[in-house]
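Undergrad: my questions are about this predicted structure, shown below with the sequence.
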Amino acid sequence: MDKNALCTFMTRARYGVVSSLAADGTPQSALVGVAITPELEIVFDTLKTTRKYANLSARPACSVALWWGGEQTVQIDGVALEPSGAALDLYRQIYFAAWPDGRDRLAWTGITHLVVRPRWIRATDYDQAPPLIEEMQFHG
């Protein structure tokens, strides 16, 4: 599966589970609405008062699981960042294309957008025979 096909596969997901580590090493997960960039990044909004924001700000390594039905999933290991300036504007436009109501949330106190840049992706589709199992590594 090439990058464009993987992006199409990933954009089937409306939600993902973001997993991060608390200061004491405890794993914590949260369901978020996601948007996917052409670079296979995961964009989501959150409040700065959430556990995931605190965790990802201090320890940006994380994982995301996407699922949309059947036995089709994408697992991502990556690094979270909080974009600013022109980059933030670009990521917001991608997010708002998937979640138009996200514009309304900009009025919320403490709302921000985070981006997970993939380091490793595993896409699986067990609804087909033979099953599709693809992995990609990313550097940088």
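TA: Looks like it came in fine.
Undergrad: Ser57 and Thr112 touch, don't they?
TA: No: the pair Ser57 / Thr112 is not scored as a contact, 9.7 Å apart, by CB atoms under 8 Å. (Glycine included, C-beta is placed from N, CA and C.)
Undergrad: what is in contact with those two at once?
TA: Here Ser57 and Thr112 share the contacting residues Glu82, scored by CB atoms under 8 Å, 6 or more residues apart in numbering.
Undergrad: surely Ala107 is within a strand?
TA: No: the assignment for Ala107 is coil, going by DSSP: H, G, I helix; E, B strand; the rest coil, so no strand is present there.
Undergrad: against Arg12, how distant is it?
TA: As for Ala107, its distance to Arg12 is 30 Å (criterion: CB to CB, to the nearest Å).
Undergrad: out of those two, which sits in the busier spot?
TA: Taking other CB atoms under 10 Å, Ala107 and Arg12 do not tie; Arg12 has more neighbours (13 against 7).
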